[in-house]
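>>> Make a model of this:
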Amino acid sequence: MDKTRSKEMSQTGKTNTVDDFVNRFESKSDTLDHVNTIRVKELMNDLNEDQRFIIEYIYFKGYTYSEVSEEFDIPLGTVKSRLRAAIQVLKKNIDSI
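Coordinates of the predicted model:
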């Protein structure tokens, strides 16, 4: 009875440590991130060159609308219009993947 209730017995009855669980969770997360990256690339292929450019600089490179406008000499309204159009295309096509 004492052996069954002992700390040693309860520790050996456990199958995974917290570290094992975290490592397994992180590796699944990495796989999911990789799958999501593939999906994003597929969706980006549906955009025209101008839309893809705007999405890349604003979402992936962290530029603001104003920075894109100033650095690439594109009117601010055009930057916003292209972004809005790109998001509409992405929303429309996301269900197909």
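>>> quick one: contacts of the helix or strand containing Arg84?
Counting by DSSP states H and E, the element that carries Arg84 is helix 76-94. By Cβ atoms under 8 Å, 6 or more residues apart in numbering, the list of residues contacting helix 76-94 from outside reads 43, 46-47, 50-55, 58, 65-66, 68-69. In this view, the C-beta of every residue, glycine as well, is placed from N, C-alpha and C.
>>> change it to 6 Å
Leu43, Asp46, Leu47, Asp50, Gln51, Ile54, Ile55, Tyr65, Val68, Ser69 (Cβ atoms under 6 Å, 6 or more residues apart in numbering).
>>> next one: stretch 51-62
Where contact means Cβ under 6 Å, 6+ apart, the residues beyond stretch 51-62 that reach it are Met44, Tyr63, Val68, Arg82, Leu83, Ala85, Ala86.
>>> By pLDDT, rank these and give me the bottom one.
Lowest pLDDT among the contacts of stretch 51-62: Met44, with 85.
>>> Excluding chain neighbours, what is closest to that residue?
Excluding the flanking residues, the one nearest Met44 by Cβ to Cβ, 6 or more residues apart in numbering is Arg52, at 5.7 Å.
>>> ok, that neighbour to Val40 distance?
Distance, Arg52 to Val40, using Cβ to Cβ, to the nearest Å: 11 Å.
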